[in-house]
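# coords below, sequence missing:
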């Protein structure tokens, strides 16, 4: 690392941050050194904690595209450091030539209906984090002892959750699903999942490949409510974009399969109005598309809202409360020179994993063009050295070597069990595994 | 023999960057990319070099005769993406 190198801090080691690092390292206009921060002890954000365990293909992106970034000498990793909590954004900004905010969308859209906080009601973030062994969600006691689950929202996250609930558990044995979740799913009695959405089939948010996967579940019946003809009617529209036509055709095909053991119901035109129950979730109540008709209940013991994510305000940074993003112009945060945002923090919660790559490219272009005209600042370099020394001396922080030690331990225990890895799901265990390597601050 | 992009695709366009004959779309600089669920290979242009296979971070690309059976229909989906646009 040369003294002339420009220092860039990237906040958030999910796909958005990782792609930013990828582009910073790939460009040749300026020499860089990059510090990658994450509030989790482990890197790769939603690849590790969000992508469904039975989508191991997608999780490979961590090994194939992101791990090489941490093998590059120009990068450092600081896991377990939350900017805005323990390390102020202002201090960070004063210690680096540039800061890229890639904090994603850390809040949940709530439904604002009575009963949504009853025990047995969860957010998709909680359920998915629980399945994926995310330490913040590993402690949840998710009760799978009822017959029916209701999921609000029909995006890919909702479909992932339904699939995990309905899949034969044997299919999950070779995945990195959290051990405790595997145990719970083994004794799950849920044999029906209702995926409910306000709008009709043509507006469904899920993608075709995710929908199609239900065809692999041989004991699953798929039905369309309140009326199976909704899909046929939507398909009659000659102007339907091909991508929507494909989704609806798959839906019709799935619904035409003969009766099976478990059931998935796509409920359209249904707005949730309340969640009811004595001391826990017993039913979800919906208003149909006819506002004059009475609301109707669906009995359930598990209620999950999967209606999207929204960024929350962060001290030191501007925030657009409507969109839940850090407002930027071409990735540059207005009023804060040399501060940038990328990924969901910049665009809101939409797009696929690769959308973040394009987003990162444009932000890194802006960073590089701005830094080419910026002079060196010795005081800033001094503040950075102090910060790095402090982080290196903090045993609660997981660095690259620490993460490698965690990764190794998880893979080794996984290999013995014929699984890609067995995740460590408690912060204390993760820190213990990391400490085998000793914190060197790299 | 042509290659085919299957279901795991996350639209990380490393394959577009590496393709020597520019047969993969939609590229990141096109308006279609914004709404893309996945990328596709045009079988009428693909020269079968396989460079995209190694570039793909999620191993979503297969030679057409090696497609897993559950994704066999992706050969048609890839080709249809381009023929629909030419129509």
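Received the coordinates, thanks. All values derive from a computational prediction rather than experimental measurement.
# per-residue pLDDT, the residue nearest to residue A:6 when sequence neighbours are not counted?
Spatial nearest neighbour of residue A:6, excluding adjacent residues (CB to CB, 6 or more residues apart in numbering or on different chains): residue A:97 at 4.5 Å. All C-beta spots, glycine's among them, are computed from the backbone N, C-alpha and C. At residue A:97, the model reports a pLDDT of 98.
# neighbours around whatever residue of the stretch 201-350 of chain A ends up closest to chain B, how many?
The nearest approach of the stretch 201-350 of chain A to chain B comes at residue A:209, 3.9 Å away (CB to the nearest CB). Neighbour count of residue A:209, defined by other CB atoms under 10 Å in any protein chain shown: 23.
# residue contacts, it?
Residues near residue A:209 by CB atoms under 8 Å, 6 or more residues apart in numbering or on different chains: B:7, B:8, B:37, B:38.
# didn't the third one look like it was pressed against residue A:243?
Just to be clear, that refers to residue B:37. Yes - under the contact definition of CB atoms under 8 Å, residue B:37 touches residue A:243, with a separation of 6.7 Å.
# any common contacting residues for the two?
Listed as contacting both residue B:37 and residue A:243 by CB under 8 Å, 6+ apart are residue A:208.
# Where do the helices of the stretch 251-400 of chain A begin and end?
A:344-347, A:355-372, A:378-392, A:400-417 (DSSP state H, counting those that start in this stretch).
# again, but for chain B
B:14-18, B:51-55, B:74-86 (DSSP state H).
# Please state the backbone phi and psi of residue 30?
Answering for chain A, as no chain was given. The phi and psi torsions at residue A:30 (degrees, to the nearest 10) take the values phi -140, psi 150.
# Chain A: which of the helices of chain B is closest?
Shortest distance between chain A and the helices of chain B, using CB to the nearest CB, is found for helix B:74-86: 5.8 Å.
# which regions of chain B lie under the pLDDT threshold?
Within chain B, no range satisfies pLDDT under 70.
# about what we covered before: could you pull up the residues touching the residue nearest to residue A:6?
A:6, A:7, A:8, A:338, A:371, A:374, A:377, A:380.
# top of these by neighbour count?
residue A:8 (27 neighbours).
# Each with direction, which strands does the helix or strand it falls within pair with?
Residue A:8 is located in strand A:6-11, with elements delineated by DSSP states H and E. Listed by DSSP bridges, the sheet partners of strand A:6-11 and their directions read strand A:32-38 (parallel), strand A:98-101 (parallel).
# right, and those - which one's nearest residue A:65?
strand A:32-38 (14.1 Å; CB to CB).
# Next SSE downstream of the closest one?
Past strand A:32-38, the next helix or strand by DSSP H and E is helix A:45-49.
# ok, residue A:398 touching residue A:42?
Yes - shown here, residue A:398 and residue A:42 form a contact pair, counting by CB under 8 Å, at 7.2 Å.
# which neighbours do the two share?
By CB under 8 Å, 6+ apart, the residues touching both residue A:398 and residue A:42 are A:79, A:406, A:430.
# who wins for most neighbours among these?
For the shared contacts of residue A:398 and residue A:42, neighbours were counted by other CB under 10 Å; the highest total belongs to residue A:406, with 27 neighbours.
# where does the residue nearest to that one when sequence neighbours are not counted land in three-state SS?
The shortest distance from residue A:406 to any non-neighbouring residue, by CB to CB, 6+ apart, is to residue A:433 (4.6 Å). Classification of residue A:433 using DSSP: H, G, I helix; E, B strand; the rest coil returns helix.
# Any idea how many residues pack against residue A:433?
Residue A:433: 20 neighbours (other CB under 10 Å).
# gap between it and chain B?
Using CB to the nearest CB, to the nearest Å, one obtains 26 Å as the distance from residue A:433 to chain B.
# so where is chain A shaky, pLDDT-wise?
A:1-3, A:438-442.
# which residues does the nearest residue to residue A:82 once chain neighbours are set aside contact?
In this structure, residue A:82 finds its nearest non-sequential neighbour in residue A:39, 3.7 Å apart by CB to CB, 6+ apart. By CB under 8 Å, 6+ apart, the contact list for residue A:39 reads A:80, A:81, A:82, A:83, A:85.
# and the second one, backbone torsions?
Think residue A:81. Here residue A:81 shows phi and psi, under degrees, to the nearest 10, equal to phi -120, psi 110.
# Provide a list of residues in contact with it.
For residue A:81, counting by CB under 8 Å, 6+ apart, the contacting residues are A:37, A:38, A:39, A:87, A:391, A:397.
# Report the buried members of those.
Listed as buried from the contacts of residue A:81 are A:37, A:38, A:39, A:87, A:391, A:397; burial here means 16 or more other CB atoms under 10 Å in any protein chain shown.
# So of those, which two are at opposite extremes in space?
Largest separation among those by CB to CB: A:39 and A:391, giving 13.6 Å.
# buried stuff in stretch A:94-102?
Quick answer for stretch A:94-102 (16+ other CB under 10 Å): A:95, A:96, A:97, A:98, A:99, A:100, A:101, A:102.
# What about residue 30, how many residues nearby?
Went with chain A since none was named. Neighbours around residue A:30, by other CB under 10 Å: 17.
# that's the wrong chain, I wanted chain B
11.
# Could you do residue B:31 as well?
7.
# Give me every residue in chain B lying close to chain A.
Within chain B, the positions adjacent to chain A are B:7-8, B:10-14, B:28, B:33-38, B:56-60, B:70, B:77, B:80, B:84 by CB under 8 Å from any CB of the partner chain.
# 6 Å - rerun?
Residues of chain B found near chain A (CB under 6 Å from any CB of the partner chain) are B:7, B:8, B:10, B:11, B:12, B:28, B:37, B:57, B:58, B:59, B:84.
# Buried subset of those, written for ChimeraX?
Applying 16+ other CB under 10 Å to the residues of chain B next to chain A, the buried members can be selected in ChimeraX as follows:
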select /B:7,8,10,11,12,28,37,57,58
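# Can you add distance to residue B:20 and give the residues of chain B next to chain A back as JSON lines?
Formatted as JSON lines, the residues of chain B next to chain A follow (distance: CB to CB, whole Å):
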{"residue": "B:7", "distance to residue B:20": "25"}
{"residue": "B:8", "distance to residue B:20": "23"}
{"residue": "B:10", "distance to residue B:20": "22"}
{"residue": "B:11", "distance to residue B:20": "20"}
{"residue": "B:12", "distance to residue B:20": "19"}
{"residue": "B:28", "distance to residue B:20": "17"}
{"residue": "B:37", "distance to residue B:20": "25"}
{"residue": "B:57", "distance to residue B:20": "19"}
{"residue": "B:58", "distance to residue B:20": "21"}
{"residue": "B:59", "distance to residue B:20": "20"}
{"residue": "B:84", "distance to residue B:20": "25"}
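# wait, which of the residues of chain B next to chain A is closest to residue A:110?
residue B:37 (27.5 Å).
# Is that closest one in contact with residue A:207, as I believe?
Yes - here residue B:37 reaches residue A:207: they are 4.6 Å apart, a contact under CB atoms under 6 Å.
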